[in-house]
Structure formats: C-alpha cells, structure tokens
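[1] Using only what follows, build the 3D model:
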Amino acid sequence: MHGILGGGLSGLAAAYYLLKTSQPVKLFEASQRLGGWIRSSRTESGHIFEHGPRTIRPKGEQGENTLQLISELGLSQRVVPIPFNHPAAQNRMIYVNKHLYTLPSSFLSLVLVKPPFTKPLISALLHDLRAPKKAGSDESIYDFVQRRLGQELADYAISPMICGICAGDAKQISVKFLMKSLYEAEQEHGSIIGGMLKNMWMNRGSKKKAKNKNELCERAKKEKWSVYSLQGGLELLPQTLEEQIRSLNGSIMLNAPCENITFVDSKTVSVKSRGRDFIVQKLISSIPAPKLAPLLQKQHPELSKELAAIPFVTVGVVNLQYPGKLVKKDAFGFLVPPSQNIPILGVIFDSCCFPSADNTLLTVMMGGHWFEKQFGRNPSRADLLNIATSQVKSILGISDKPQNSCVSILKDCIPQYVLGHHDRVKRIRDYISAKKLPLAVIGASYDGVGVNDVILSARRAAENV
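    Now for the predicted structure:
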C-alpha cells in the first residue's frame, strides 16, 4: 500500500498512475472535496465560473502528457480548443498609463513601434545578440530580461506575464527555474536568440522523425491549438480522475488531514490521520511544502527547514457575468504591470475565450505578491467585489451591475519560485535520496505551477515507485 497526501490534481494523478500498475493506494485529503485549486461552478442561468486554472497548453512534453491522460480518461470529446488564430490567442493586452495596448503577435509588429514601447521590438532582439554573457548561479527574471532585452520589455512584457503565471514579482522570481530555457540559452550559447536558433536547428531532424501515437496530440498539432479547456469547466478533469481511482479500488479519505509522519525504516512509513496510524510502503506528498514541513520537523529538521522556506501567495478571484456583449475588443484579456500600482493583476475575458450566449463573463485576478499590501490581512469578499467592479468600470467602461458574481480568496495558493529555488528543490530531493526516505515530493511547490507541470510531476513519481 502506497500513501498519497493531498487530493489536488497532482495527488489524484499520482494515485491514478499507481493504480494503473496495480499498486494499491490510500489518498489522504484534509478537506471535504477533491481537486485542489481547480474549481468550476455554474450559475443559476447556466454560466461557468472558473475559480482557479481555466486553460491548458498542449505543447511540449508536459502538454502531450496531459493530452494522453485526457484521452485515457475518455474526455477527448469534451475538449474545447482555442486555435492559434483565434482572437483570444492572438490578442493579449496590457494596461499601461490608463490605456489598453495589444502586445505584438506577428513579425510585422516586431519592426514597427507599438505603444507603450518606444522602439521596435526587433531592437531588443539585436541588443540580446550584442549583450555580454553573465555567468552565475541565478538571477531574477526581471534583471535577466532588462540586461538582455531592455527595460521596456522587462516592465511591459515580462513583469505582467509573471503576474499572470504565478501572481509574483518578476524582480524576485528565478529565471533559472521559471524560464530555464532562456537561462540555459545564454549560459550555453551566449544569448537568448542565438541559443533558440541553434536549438531549433538541432531539433529539426528529430521533430520530422517523431510520430506521436496519441490521436488527441495529433489533433492538437493539426488544428494548431493555442490552449484548451473542457466542456462544463476544468474541474471535470479531477472529477474524472476521482471516478477512475474509485473504480480501480483506490482508497480516498476526505476530511483526513495528516497529523504526523514517522519513517519507520527505508521501506515503511507511518501516517497518522483521524487519530489512527496507517502503515504505507512509500509516501507521495502533493501538499504544499510549508504544510509538509512541520510533519517532518521532529525526525528531519534540516529537510523541514528547506520545505518551510518556499513562500506562497494569496490570490483573490472575482468572477463577473453581465448580460450583453460589453467588451469592445475580442481578446484573451489584459494584464497589469506592477509599475501601474492598481489593485488588480489583470482581467480574463472568459466569454471571448469560450462564448456564453449573449453575455460578458470576466475574471478579475487580484493580490498575489501584493495581496496584504493592497487589501490587508482579512479583506471581506464584498470589498474585493467592489474593487473589482470599480476597476472593470474604469478600464473597460462597463458601468452595469453584474447579474452574477462570485468572490474566492485562495489562501496561499501559488508558490513563489524565488532566487535559488532550483537549487533548493535539488537539495530537498538529494536529502530524501541520501537518507533513503520512502518519500517523494510532487506538485507545484517543486516542479512548476501549471496543470501540465503537476501532472507530469505525478507521473514521474509514480514511475519511480
């Protein structure tokens, strides 16, 4: 019997992958529901509100692995893709100096001056080719981009993008971890552009020969998907995983927080929950690192200290539904650079991504790294709703009162990959290996914040078991 802590997406995926190989599993979930931060709800009028992740990217090893899982779960016909030529894929905006600007998305836009930039973006690429290489262990994404591509790209492209990815401050987030390919391009080839071109050339042959056997992956490539979701909301994915786990005789315990962990020897772990001790052969923890830390402090204080050092931020999510089509431009939405000092991270135009009859659906993202500074420790949901609707009115000109709304405060939901995160994760896993602990750590704390990242993290851990 193997134990799994946490019933979020990575924990559910790990249980599924283990059960596929006929290995018995017991999953412990502290709350009364599964799915973690993925949560979809339906209003009385039938509109879907996503309170966490809403889309998935199909590309790369991680993306293809998720498509394979979706196919195995029988959800291929429930996929709703957004192709690359859709307005939601082509038009991504930023809000600067009280104006919305569309970010460049074509070759022509690289050679023209597009506000808020004061120079054509091709000049930044040329600057990258001339900028000297800086050898070092790590650097913030902001400093890296500013040094190689210029301050405007750091301020108006990278900083808001980091707000969208992990609700974080680009001046603190590690380039070595979150944008590893850019970091390695400079370290190995001297520049971002040079490294990317060399890698593209080296990978040409292998890409031509490679054949993916999964029909859903082939469909995604043929139809050129940018992102996709699932009919009825993304929560369908963890719900289907739960059904599969139960059908394969996996054991799921809800309202069962882990109270203590004791490593008996290199092949046995005692997990205490609901006042009982459960003996498992190996423990896979998908709970946030700071929640795992105190459970290991007594036996392994050094490991506990490393886990506790991974910071998390809180995000406010405000879903809004208005009758009528009120957004003037079809787009994915807009992000706000931190330099603008307004109390939102950005707004997603949900009804552009996935039309919902003659209605406007928006999701306002708030807080993150700046949550307590902007809203205090315990803001009310009414306060967040008022701020969100006020910003929507100011920026998008929508003065109507929303017909439906929902406010979620996602406490400590996103890890922050600050400087040194790559090396910290390596130390954590090296310690587990050196001490021969029957423990694996998976999920967003260690392997990336995206849906694809946590699923691949789970699969690899199950394979190692």
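
[2] Make sure I have this right: residue 406 is in a strand.
    Yes - the assignment for residue 406 is a strand, going by DSSP: H, G, I helix; E, B strand; the rest coil.

[3] contacting residues around the closest residue to it other than its chain neighbours?
    Closest residue to residue 406 apart from its sequence neighbours, by Cβ to Cβ, 6 or more residues apart in numbering: residue 319 at 4.5 Å. C-beta here means a position set from N, CA and C on the backbone, and glycine is covered the same way. Residue 319 makes contact with 49, 50, 51, 350, 361, 362, 363, 404, 405, 406, 407, 408, according to Cβ atoms under 8 Å, 6 or more residues apart in numbering.

[4] Kindly indicate the member of those residues with the most neighbours.
    Per-residue neighbour counts (other Cβ atoms under 10 Å) across these peak at residue 350, which has 27 neighbours.

[5] for the residue lying closest to that residue once chain neighbours are set aside, helix, strand, or coil?
    Nearest in space to residue 350, with sequence neighbours left out and distances taken as Cβ to Cβ, 6+ apart, is residue 361 at 3.9 Å. Put simply, residue 361 is strand when judged by three-state DSSP.

[6] Would you quantify the distance from residue 10 to residue 275?
    26 Å (Cβ to Cβ, to the nearest Å).

[7] Those two: which is more packed in?
    residue 10 (30 against 6).

[8] That one reaches residue 445, doesn't it?
    No - between residue 10 and residue 445 there is no contact under Cβ atoms under 8 Å: 9.5 Å.

[9] okay, now residue 112: neighbour count?
    By other Cβ under 10 Å, the residues close to residue 112 number 12.

[10] List the backbone torsions phi and psi for it.
    Dihedral pair for residue 112: phi -100, psi 160, per degrees, to the nearest 10.

[11] Leaving out chain neighbours, which residue sits closest to it?
    That would be residue 120: by Cβ to Cβ, 6+ apart, it lies 5.9 Å from residue 112.

[12] contacting residues around that neighbour?
    Listed by Cβ under 8 Å, 6+ apart, the contact set of residue 120 reads 110, 111, 112, 113, 114.

[13] Residue 140 is in contact with residue 419, isn't it?
    Yes - using Cβ under 8 Å, residue 140 is in contact with residue 419, at 6.3 Å.

[14] between these two, what contacts are shared?
    172, 174.

[15] quick one: the residue nearest to residue 112 is in a helix?
    No - assessed with three-state DSSP, residue 120 is coil; it does not lie in a helix.

[16] quick one, strands of the stretch 301-450 of the chain?
    312-323, 333-335, 346-349, 359-368, 404-415, 439-441 (DSSP state E, counting those that start in this stretch).

[17] for the fourth one, the distance to its chain's centre please.
    Per Cα atoms, centre = their mean, to the nearest Å, the displacement of strand 359-368 from the mean C-alpha position of its chain is 16 Å.

[18] Check the first one too.
    Relative to the mean C-alpha coordinate of its chain, strand 312-323 is positioned 16 Å out (Cα atoms, centre = their mean).

[19] got the contact list for residue 33?
    Counting by Cβ under 8 Å, 6+ apart, the residues that residue 33 touches are 7, 254.

[20] Flag the shaky bits of this protein, pLDDT-wise.
    203-213 (pLDDT under 70).

[21] how does the protein divide up, domain by domain?
    2-38+235-310+418-464, 112-208 (automatic domain parsing).
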